[in-house]
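S.K.: Sequence below, structure please.
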Amino acid sequence: MSKTINSKGPKYIQLSKDKFVCYVNSLMKCGNWIGHSGYGGQFLGINLKTKVVAAFFSVLETKSATNEKYKKDMVNMIDQIISKDY
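M.R.: Model (predicted):
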């Protein structure tokens, strides 16, 4: 886990002006949290500092089972919850 959290990895989603989710070791990571999205609008996030875990399940009815704006909003929501920024 330490290797994943401390690696930079390529930027994957821009959450805000200076905040990015990166993709490292088959996981998404940002600051002190790691997570992974599932098919069609699911996400599990775990903050290793706050020890808060959140899971979100939804169904997207698109051909690709994804929507980039929706994913960004969903990951921002999970980020706020597991970082206790609400």
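S.K.: Tell me the confidence at the residue in the chain sticking out farthest from the centre?
M.R.: Here the centre of the chain is the reference, and by CA atoms, centre = their mean the most remote residue is Lys63, at 21.9 Å. At Lys63, the predicted lDDT confidence score is 83.
S.K.: what does stretch 17-36 rub up against?
M.R.: Applying CB atoms under 8 Å, 6 or more residues apart in numbering, the external contacts of stretch 17-36 come out as 1, 3-5, 7-15, 37, 43-50, 75, 78-79, 82-83. (C-beta placed from N, C-alpha, C; glycine too.)
S.K.: which among these end up buried?
M.R.: Among the contacts of stretch 17-36, those buried by neighbour count (16 or more other CB atoms under 10 Å) are 4-5, 12-13, 15, 37, 43-48, 75, 78-79, 82-83.
S.K.: Mark which of these are part of strands, please.
M.R.: Among the buried ones among the contacts of stretch 17-36, DSSP state E puts Tyr12, Ile13, Leu15, Ser37, Phe43, Leu44, Gly45, Ile46, Asn47 in strands.
S.K.: Of these, which one scores lowest on pLDDT?
M.R.: Minimum pLDDT for these is recorded at Ser37 (89).
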